[in-house]
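> quick one, structure for this:
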Amino acid sequence: MSGHNRWSKIKRQKEAMGASKGKLFTKLIKEITVAARLGGGDPGGNARLRSAMLAAREANMPGDTITRAVKKGTGELEGVHYDEVTYEGYGPGGVAVLVECLTDNRHRTAGDVRATFSKGGGNLAAEGAVAWNFHRKGSIAVKPGPSEDRVMEAALEAGADDVVAQGTDGFEVRTDPAHLHQVSVALERSGLRLGEQRWVYLPENTVKVEGEAARKVVKLLESLEDNDDVQNVWANADISERELEQMGA
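Got it, this is the predicted structure:
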């Protein structure tokens with residue numbers, strides 16, 4: 001979503017101030033647990049687990065907390081079984097929304113997500129109604145410092161698809177989802193300092209929303225993210241940087 005990176009930055013600032021670090025840790029622990037359950041506890045052979053552990057370290061999660069989450073996933077420690085569920089819906093202004101969840105109770109989560117959409121001026125949609133408008137990509141954050149030319153050269157040599165400048169936040173390198181790890185390793189070897197590495201959903205088409213509609217969309221997305229069962233929320237809203245900055249002020 002255009003402006004989505006600004007929205008993500010606002011969320012990270014709140015997390016850094018402790019306002020929602022507990023929720024962030026909960027989501028990261030669940031992702032590590034599920035990744036270990038599905039692909040084993042060795043990050044060297046489990047790309048999803050490796051990405052989740054890197055995200056946890058980037059959020060300054062204690063190492064013993066990460067280790068316990070892995071062991072719960074592999075069965076070495078007792079843990080909760082989470083199912084992966086994706087919901088699709090529409091927000092104010094016809095904005096398409098994907099909601100990725102990890103839940104131990106599908107009925108509860110479905111009811112909560114449906115209620116959040118309804119309260120936020122949107123509605124749940126049938127499976128496949130909006131998913132067609134999103135494509136999966138690998139996303140690698142490059143920390144500020146190098147020039148765009150240097151990042152672009154390193155990214156192309158690593159086999160990445162694109163580089164997006166993020167101003168004072170550095171750069172985002174986008175790649176084929178299956179090549180996320182090998183591209184990140186190549187970027188590190190080139191001397192770049194990397195941040196978050198993950199899989200994202202990017203919209204094929206966007207919907208421009210302004211004023212009150214934009215505020216309602218952002219409120220809906222934040223309300224969905226506040227649900228402990230929700231891991232990620234993706235939308236195709238096109239909201240200006242100026243409006244997002246005003247909302248985050």
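> report the buried residues of stretch 133-140.
Asn133, Phe134, Lys137, Gly138, Ser139, Ile140 (16 or more other CB atoms under 10 Å). C-beta: built from backbone N, CA, C; applies to glycine.
> which helix or strand contains the fourth one?
Secondary-structure element containing Gly138, defined by DSSP states H and E: strand 134-142.
> helices and strands around that strand, which ones?
strand 171-175, helix 180-189, strand 194-203 (3 or more CB pairs under 8 Å, 6 or more residues apart in numbering; DSSP states H and E).
> average pLDDT for the helix or strand following it?
Next along the chain after strand 134-142, taking DSSP H and E as the criterion, comes helix 148-158. On average, the pLDDT along helix 148-158 is 96.
> can you check stretch 103-123 too?
97.
> swap in stretch 176-188?
Here the average pLDDT along stretch 176-188 is 93.
> now it: buried residues?
For stretch 176-188, the neighbour count (16+ other CB under 10 Å) marks His179, Leu180, His181, Val183, Ser184, Ala186, Leu187 as buried.
> between these, which is closest to Val230?
When the buried residues of stretch 176-188 are compared for distance to Val230 (CB to CB), Leu180 wins out at 22.2 Å.
> okay, and the beta partners of the residue nearest to the closest one when sequence neighbours are not counted?
Using CB to CB, 6 or more residues apart in numbering and skipping the chain neighbours, the partner closest in space to Leu180 is Gly138 (3.4 Å). Under the criterion DSSP bridges, Gly138 forms beta bridges with Thr175, Trp199.
> could you point out the longest helix of this structure?
Counting by DSSP state H, the longest helix found in the chain is helix 21-39.
> next SSE after that helix?
Downstream of helix 21-39 (by DSSP H and E), the next one is helix 47-58.
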